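*Asks:* Sequence and computational prediction follow.
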Amino acid sequence: MGDVSRSPHTVESQRSFRSGLAWGLAAYGSWGLFPIYFKAVAAVPAAEVLAHRVVWSLVVLAIVLTVQRRWREVAAAVAEPRTLAVLVLTALLIGGNWYVFIWAVTTGHMLQSSLGYFINPLVNVFLGVVFLGERMSRAGVAAVAMAALGVGWLTVRGGSMPWVALVLGFSFAFYALLRKTARVKPVPGLAVETALLAPVALLYLAATASSGGLYFGTGSWRLDLLLVAAGLVTALPLLWFNTAAQLLPLSTLGFLQYLSPTGQFLLAVLVYGEPLTHDRLVAFACIWMALAIFTVDQLRTRARIAQLVARRASGVGSRQIGNGNGNGDGRGSEPPDPRS
């Protein structure tokens, strides 16, 4: 009887996992292939590409919100002053992050952009310690130190700071840190952010058009379609990620997140021919070692938490069997709190 009662749940869980894995691979795989799209519009200045990305993303997100009937979430976010203030800051951060990434890809700095997203999880840990008072394990300290060593090596040997990598890594980490404090989900939140950036983007496009420097509408129709597609390129992976996040455990998402910078790294070296010098390879090796230490530490921590929760749950179950309901007062026992 026990096997029969569990089998539907097991089959359903396996289906959910496979579905979530497919959506996660689609999302992170798309982000890893982003450079292909931006290389295709490399003839257009990065500022104009960014403006189109903002405007057409807003259009796509507006359609999604209408279909999903989620405009109330947008209205609630805008109506709350604190949330709106946070979204103003995150809009500036994501706008800056997008611009630097576009510039890096179109000017041959794709390896640095890859490095920036490789170090991002470690920057998240560092900011959590500094701003949220989170505790860092010894392995976490070692991982952050190893990543800093890689960046330092690249700085000393290369003669300059890898500013593209640092701007991308830190801007997205601060973006994630602030978004955690905003009471709004990813899709409506990004809609508000793009709406805040849209007036500036439209003003830039209008000013550029009046001076005769606008590429959109003056070149080939294929280029125009590619610029319009910036909205889909931005919105679709986000929707896929949201679906994956609902179906997959955090540990699986943690592994999948490395697909994006890995894809960018492989494209930079194998497709677009960016030189992987000895010094760059040493820096990447330090980052990869840091990520390996960090990932193993995270998996061990989650395994210990899962075991603790399971033991407490089994303890509650044993008391329920022995005492009827575990309380002896006719009330049902409350489930264990995994935070305790």
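*Replies:* Structure received.
*Asks:* measure stretch 70-89 end to end?
*Replies:* 23 Å (CA to CA, to the nearest Å).
*Asks:* which residues make contact with it from outside it?
*Replies:* When contacts are defined by CB atoms under 8 Å, 6 or more residues apart in numbering, stretch 70-89 is touched by residues 64-65, 178-179, 181-185, 187-189, 191-193, 196. (C-beta placed from N, C-alpha, C; glycine too.)
*Asks:* again, 6 Å this time
*Replies:* The contact list for stretch 70-89 (CB atoms under 6 Å, 6 or more residues apart in numbering) reads 65, 178, 181-184, 188, 191-193.
*Asks:* Let me know the average pLDDT across it.
*Replies:* Per-region confidence: stretch 70-89 scores 96 on mean pLDDT.
*Asks:* Buried residues in that stretch, which are they?
*Replies:* The neighbour-count check on stretch 70-89 (16 or more other CB atoms under 10 Å) flags 70, 73-74, 77-78, 83, 86-87, 89 as buried.
*Asks:* Also stretch 201-210?
*Replies:* 201, 204-205, 208.
*Asks:* any chance of the residues you listed in CSV, plus distance to Trp23?
*Replies:* Formatted as CSV, the buried residues of stretch 201-210 follow (distance: CB to CB, whole Å):
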residue, distance to Trp23
Ala201, 29
Tyr204, 34
Leu205, 33
Thr208, 37
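*Asks:* Now flag whichever of those is closest to Ile94.
*Replies:* Using CB to CB, Ala201 comes nearest to Ile94 of the buried residues of stretch 201-210, at 12.7 Å.
*Asks:* what's the helix or strand where the closest one lies packed up against?
*Replies:* Assigned by DSSP states H and E, Ala201 belongs to helix 186-210. For helix 186-210, the contact count by 3 or more CB pairs under 6 Å, 6 or more residues apart in numbering; DSSP states H and E identifies helix 46-68, helix 71-79, helix 81-106 as packing neighbours.
*Asks:* mind putting those in TSV, distance to Trp163 included?
*Replies:* Output for these, formatted as TSV (distance: least, CB to CB, whole Å):
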stretch	distance to Trp163
helix 46-68	15
helix 71-79	33
helix 81-106	9
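*Asks:* Compare the ones you listed and report which one is nearest to Val228.
*Replies:* helix 46-68 (5.5 Å).
*Asks:* Kindly export the closest one (C-alpha atoms) in PDB.
*Replies:* Extracted in PDB, the C-alpha atoms of helix 46-68 (Å, rounded to 0.1, in the frame of the first residue of the first chain):
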ATOM      1  CA  ALA A  46      25.700  49.900 -28.100                       C
ATOM      2  CA  ALA A  47      23.500  52.800 -26.800                       C
ATOM      3  CA  GLU A  48      21.000  52.400 -29.600                       C
ATOM      4  CA  VAL A  49      20.900  48.600 -29.100                       C
ATOM      5  CA  LEU A  50      20.300  49.200 -25.400                       C
ATOM      6  CA  ALA A  51      17.500  51.700 -26.100                       C
ATOM      7  CA  HIS A  52      15.800  49.100 -28.400                       C
ATOM      8  CA  ARG A  53      16.200  46.400 -25.800                       C
ATOM      9  CA  VAL A  54      14.500  48.600 -23.200                       C
ATOM     10  CA  VAL A  55      11.600  49.700 -25.400                       C
ATOM     11  CA  TRP A  56      10.800  46.300 -27.100                       C
ATOM     12  CA  SER A  57      11.200  44.400 -23.800                       C
ATOM     13  CA  LEU A  58       8.600  46.700 -22.300                       C
ATOM     14  CA  VAL A  59       6.300  45.900 -25.200                       C
ATOM     15  CA  VAL A  60       6.800  42.100 -24.800                       C
ATOM     16  CA  LEU A  61       6.400  42.300 -21.000                       C
ATOM     17  CA  ALA A  62       3.200  44.300 -21.400                       C
ATOM     18  CA  ILE A  63       1.700  41.600 -23.600                       C
ATOM     19  CA  VAL A  64       2.800  38.900 -21.200                       C
ATOM     20  CA  LEU A  65       1.200  40.800 -18.200                       C
ATOM     21  CA  THR A  66      -2.000  41.300 -20.200                       C
ATOM     22  CA  VAL A  67      -2.300  37.600 -21.100                       C
ATOM     23  CA  GLN A  68      -1.500  36.500 -17.600                       C
END
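*Asks:* Buried ones in it, by neighbour count?
*Replies:* Within helix 46-68, the residues that count as buried by 16+ other CB under 10 Å are 46, 48-58, 60-62, 64-65.
*Asks:* Can you check what angle separates it from helix 71-79?
*Replies:* Interaxial angle, helix 46-68 versus helix 71-79 (axes from the mean of the first three to the mean of the last three CA atoms, to 10 degrees): 130 degrees.
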